[in-house]
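# For reference, the sequence and a predicted model appear below.
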Amino acid sequence: MRMVLRDRTGQQVFTVREVFAEMLAAGTGYAESTVFKTMQRMKAPAGRAPWIVLEQTGAGFRVSTKT
C-alpha cells in the first residue's frame with residue numbers, strides 16, 4: 001500500500017515511504033505508522049506572523065526580543 005500526503009489543493013507533496021526512508025537513514029527508530037500519523041497532524045504554516053516568538057534558555061523559554 002502506497003500512502004501519499006497531499007496539500008489542501010490535492011497536489012502530492014511527498015510519500016510517507018520517502019520520509020520514513022530518510023528517517024531510517026538518519027538512524028531514528030520510529031515505525032512507519034508513527035511517521036504517517038505524525039505527518040497527518042502536520043499543518044501548513046500560518047498566513048500571518050506570530051504574535052510572539054519564544055527562544056530557548058537554559059532554564060526554559062522566554063519571549064524573544066529579536067525582530
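Great, that's in hand. Numbers count the residues shown, from 1 in each chain.
# what's around Phe36, how many residues?
The tally of other residues near Phe36 (other CB atoms under 10 Å) stands at 16. Any C-beta I mention is one placed from the backbone N, CA and C, and that applies to glycine too.
# and it, how far is that from Trp51?
Distance of Phe36 to Trp51, given as CB to CB, to the nearest Å: 32 Å.
# Can you tell me what sits against stretch 60-67?
Stretch 60-67 is contacted by residues Ile52, Val53, Leu54, Glu55 when judged by CB atoms under 8 Å, 6 or more residues apart in numbering.
# Against Val63, how distant is the first one?
Think Ile52. For Ile52, the distance to Val63 - CB to CB - is 5 Å.
# what ranges do the helices span in this structure?
16-25, 32-41 (DSSP state H).
# Report the central residue of the protein.
For the chain, the residue nearest the mean C-alpha position is Met42 (5.5 Å; CA atoms, centre = their mean).
# circling back to that earlier point, point out the most buried one among the helices of the chain.
Of all those, helix 16-25 has the most neighbours on average by mean count of other CB atoms under 10 Å, namely a mean of 15.
# Report the inter-axis angle for it versus helix 32-41.
120 degrees (axes from the mean of the first three to the mean of the last three CA atoms, to 10 degrees).
# tell me which strands and helices helix 16-25 is in contact with?
Here helix 16-25 touches helix 32-41, going by 3 or more CB pairs under 8 Å, 6 or more residues apart in numbering; DSSP states H and E.
# Show me what the helix it packs on is packed up against.
With contacts defined as 3+ CB pairs under 8 Å, 6+ apart, the packing partners of helix 32-41 are helix 16-25.
# Output the helix it packs on as CSV - backbone C-alpha positions only.
Extracted in CSV, the C-alpha atoms of helix 16-25 (Å, rounded to 0.1, in the frame of the first residue of the first chain):
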residue,chain,number,x,y,z
VAL,A,16,5.4,8.5,3.8
ARG,A,17,7.8,5.9,2.5
GLU,A,18,10.1,8.7,1.3
VAL,A,19,10.1,10.4,4.7
PHE,A,20,10.4,7.1,6.5
ALA,A,21,13.4,6.1,4.4
GLU,A,22,15.1,9.4,5.3
MET,A,23,14.4,8.9,9.0
LEU,A,24,15.8,5.4,8.8
ALA,A,25,18.9,6.7,7.1
